[in-house]
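> the following block contains a protein sequence and its predicted model.
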Number of protein chains: 4
Amino acid sequence: MPKTANSSQSKRDEIIEIASRLFYEQGFGATGIKQIIDEAGVAKGTFYTHFSSKDELGLIWLKARHAAWNSWFEESLGDTQGAEMVLKSFDFLEEWLKQSDFRGCAFINSMAEIPCTDNLMRKQVTVHKRGLLDRFGELVAEHYKQLGKSKKLAAENAKIIYLLFEGALVESQTFHELWPIHCARKKVAELLAS
Amino acid sequence: MPKTANSSQSKRDEIIEIASRLFYEQGFGATGIKQIIDEAGVAKGTFYTHFSSKDELGLIWLKARHAAWNSWFEESLGDTQGAEMVLKSFDFLEEWLKQSDFRGCAFINSMAEIPCTDNLMRKQVTVHKRGLLDRFGELVAEHYKQLGKSKKLAAENAKIIYLLFEGALVESQTFHELWPIHCARKKVAELLAS
Amino acid sequence: MPKTANSSQSKRDEIIEIASRLFYEQGFGATGIKQIIDEAGVAKGTFYTHFSSKDELGLIWLKARHAAWNSWFEESLGDTQGAEMVLKSFDFLEEWLKQSDFRGCAFINSMAEIPCTDNLMRKQVTVHKRGLLDRFGELVAEHYKQLGKSKKLAAENAKIIYLLFEGALVESQTFHELWPIHCARKKVAELLAS
Amino acid sequence: MPKTANSSQSKRDEIIEIASRLFYEQGFGATGIKQIIDEAGVAKGTFYTHFSSKDELGLIWLKARHAAWNSWFEESLGDTQGAEMVLKSFDFLEEWLKQSDFRGCAFINSMAEIPCTDNLMRKQVTVHKRGLLDRFGELVAEHYKQLGKSKKLAAENAKIIYLLFEGALVESQTFHELWPIHCARKKVAELLAS
DNA sequence: AATGAATGAGCCTTCATTCAT
DNA sequence: CATGAATGAAGGCTCATTCAT
């Protein structure tokens, strides 16, 4: 994920930034408040001045990550169009995997840690993924519209592409190899060409 | 997962069975030894008579689940053949999702909790997934051989099917909806027919 | 050891004071954190607010005891000079032994419990004993200078006196009798007179 | 300490031998029954078939060590006589210190761990040390008898020599240096010559 | 004799959170 | 706003000992 500027941040923002890194790299449950405040150089009390609980910070993290990830995703699509635009999302995946701190999808990882469905963090996971699914829907619809294909086909294929994207994301984390991404990309290219 | 009989088990087996359920339902990290021994009705020391650490039990859990899941998977394929056999694996997914305690894939969930790559549980995740990937490879190869198609195509499509399977698994957990499974199944059917 | 006032102490100081007593009376290893916090009337967490580990508190104890013991030792020498000054150190030993809580030398006892040489507490034992040895060196050197005797003789005899002091200390603990102290004192008096 | 033969021992003897090594090297309190039985290759129950408690084994250890140490001590005195015989005890100390597993005096170390005076192990410490003190009494008495000196002087000097021996023993452990032994030996030589 | 499962109190340490200053 | 002392339940794990086989 792109790093934010470090200067003249409020304590609150600093905590969020540090916690975000730790939550992603170590997992939400495995990261204690102590580590966060130690790395942020603030007192225990300061933490609870800004956040009512660890869960709240977790939610803030996921909401911020939702926005940041989406920005990054969109940015990586560039000013392309149609099929190319969709394929760029797999290039984005490859770029992401190559980062030294790649630990898979923060949302999927969080979901794995949180069984309870009515948990707010858990809900944010769904919001994020629904958003991505819809975005693929838009991208594919646009492309198929240009090709004069049916909306229904576009909707179906968007889902397939989404599933391939998610599958590639999870499996590139599992094996820490590139083939899931390359393989999925190739199939998506075929799909969009037909 | 199919439940085993509860009668005349050793304390060790009882602990494993109870821990397996809790690890799956709540996550490995979120499950404490205390809860395990309380539900098993044994003393703290008894736990450590049988297991050298929580991590060891975690590994035992994943190894047992690897075997049990594979059995369940194979069983659900039945005595079918070719394309149908592959498609059955998606029916299996649907059957699984409908279970009241469905919490997604224990291996993917565990990987999400465990950043450290040289962890033994983490390695078991890779073993399990590699096994599933290879199994799809076999199933698809067999089918394509009958159709007289190339081995290379079979290998490529096996990976795609694997990615769709995994994507459908993760997303059915995310949304707790059936469409990812149905959608993936349909596409796999097309793939195998062409 | 002289007791300090009990009023208006910080929790931290209270913990140190109580732990110091328990470590000395029962030994470092035989004293659990639970007993310390129970007697101090604080919560488990409070202990770790002030000390990062039991070992750290052990080190603090030995360092504080090093200072306190030295003060007590020096104080007991009074405004005497020469041979008398050295002999006073054996009177100090006797006074110490007569205390109800006499349990021998905290440093020697700690060394007995801690085999590992690179342990910080273990190192503090050496620091303390080296300090005492050097102090005897000074006292004896001063005395012999007045007598016009050689520095070499002074150095040799300082070591002997140190060994007799330590021997008397350990054996008065072993037998809980006064003769080791009296016996050593008499010999030291002869030594300094010759 | 000299090692005993390893062949055709009873389980009981094997446990005693292993425990003796561990108690000496790590301390009585720091050595758990588990480590003992693991290294002895016997079951928990087997331990308690032979010993009613860890404390009993501790006592057996100290009693056996009392005998073994005395034998070793006497052996090292050789067939010497008079002053030389006493001086040999300091050579023995030097030989002992040079052993790789030297950890000071097992009895002094045990005393340091055990505050309670009516403890049986603690009493054994006193028995051992009283025995050594008496032995020095005999050796010195014999020597002084030959010189035609008074019994009273012999008794006094025996105690001094004992204190120097103990001081040298403890301090050679503290600093892991030879000077305490050499220094004490030299003074004892002077003492016996005068 | 010998086994090893079972016990439960105890070990040191970390947790998220509260609150008086 | 910020501090850090205070909390006490919970974390994983070890302890010496007992007992049925």
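The structure has been received and is ready for your questions. Residues are numbered from 1 along each chain as shown, chains lettered A, B, ... in the order given.
> for chain C, what's its nearest residue on chain A.
Residue of chain A nearest chain C, by Cβ to the nearest Cβ: residue A:44 (9.5 Å). (Glycine included, C-beta is placed from N, CA and C.)
> run through the residues that contact that residue.
A:33, A:37 (Cβ atoms under 8 Å, 6 or more residues apart in numbering or on different chains).
> could you measure from the residue lying farthest from the centre of chain A over to DNA strand E?
Centroid-distance maximum for chain A: residue A:148 at 31.4 Å, with Cα atoms, centre = their mean. The gap separating residue A:148 from DNA strand E is 55 Å, by Cβ to the nearest atom of the strand, to the nearest Å.
> next, work out how far apart that residue and DNA strand F are.
57 Å.
> do residue A:150 as well
53 Å.
> quickly find the element holding the residue of chain A found nearest DNA strand F.
Chain A approaches DNA strand F most closely through residue A:45 (1.8 Å), counting by Cβ to the nearest atom of the strand. Using DSSP states H and E, residue A:45 sits in helix A:44-50.
> and the next element down the chain from that helix?
Sequence order places helix A:54-77 as the next helix or strand after helix A:44-50, per DSSP H and E.
> mind listing what's buried along that following helix?
For helix A:54-77, burial by neighbour count (16 or more other Cβ atoms under 10 Å in any protein chain shown) applies to A:54, A:57-62, A:64-66, A:69, A:73, A:77.
> now that helix: mean pLDDT?
Regarding helix A:54-77, the rounded mean pLDDT is 97.
> what is that helix packed up against?
If you count contacts as 3 or more Cβ pairs under 8 Å, 6 or more residues apart in numbering or on different chains; DSSP states H and E, helix A:54-77 packs onto helix A:11-26, helix A:82-97, helix A:106-113, helix A:120-147.
> so which of those is nearest residue C:139?
Smallest distance to residue C:139 across those (Cβ to Cβ): 56.6 Å, for helix A:11-26.
> close to DNA strand E, is the closest one?
No: using Cβ under 7 Å from any atom of the strand, helix A:11-26 never reaches DNA strand E; the gap is at least 10.0 Å.
> in that helix, what's buried?
For helix A:11-26, the neighbour count (16+ other Cβ under 10 Å) marks A:12, A:14-24, A:26 as buried.
> for residue A:186, what is the enclosing helix or strand?
Following DSSP H and E, the helix or strand that holds residue A:186 is helix A:179-193.
> what helices or strands is that helix leaning on?
Helices and strands touching helix A:179-193, as assessed by 3+ Cβ pairs under 8 Å, 6+ apart, comprise helix A:82-97, helix A:151-175, helix B:151-175.
> right, so of those, which gets closest to residue C:193?
Proximity to residue C:193, assessed across these by Cβ to Cβ, is greatest for helix A:151-175 (83.6 Å).
> now residue A:155, nearest residue through space, not along the chain?
Excluding the flanking residues, the one nearest residue A:155 by Cβ to Cβ, 6 or more residues apart in numbering or on different chains is residue A:137, at 6.4 Å.
> over to residue A:174?
Counting by Cβ to Cβ, 6+ apart, residue B:129 is the residue found nearest to residue A:174 once chain neighbours are left out, at 5.1 Å.
> go ahead and confirm the one you found touches residue A:171.
Yes: applying Cβ atoms under 8 Å as the test, residue B:129 and residue A:171 come out as touching, 7.2 Å apart.
> who has more neighbours out of those two?
Set residue B:129 next to residue A:171 and count neighbours by other Cβ atoms under 10 Å in any protein chain shown: residue A:171 wins out with 26 against 21.
> the more buried one against residue B:126, yeah?
No: applying Cβ under 8 Å as the test, residue A:171 and residue B:126 come out as separate, 10.4 Å apart.
> what does the model give the residue nearest to residue A:155 for pLDDT?
96.
> sketch out the low-pLDDT regions of chain A for me.
A:1-8 (pLDDT under 70).
> swap in 90 and give it another go.
Along chain A, segments meeting pLDDT under 90 span A:1-10, A:79-82, A:115-117, A:194.
> near DNA strand F, which residues of it?
A:10, A:11, A:12, A:42, A:43, A:44, A:45, A:46, A:48, A:49, A:50.
> among those, which pair sits farthest apart?
A:10 and A:44 (17.7 Å).
> before we move on, back to that, where do the contact lists of residue B:129 and residue A:171 overlap?
Joint contacts of residue B:129 and residue A:171 (Cβ under 8 Å, 6+ apart) are residue B:166.
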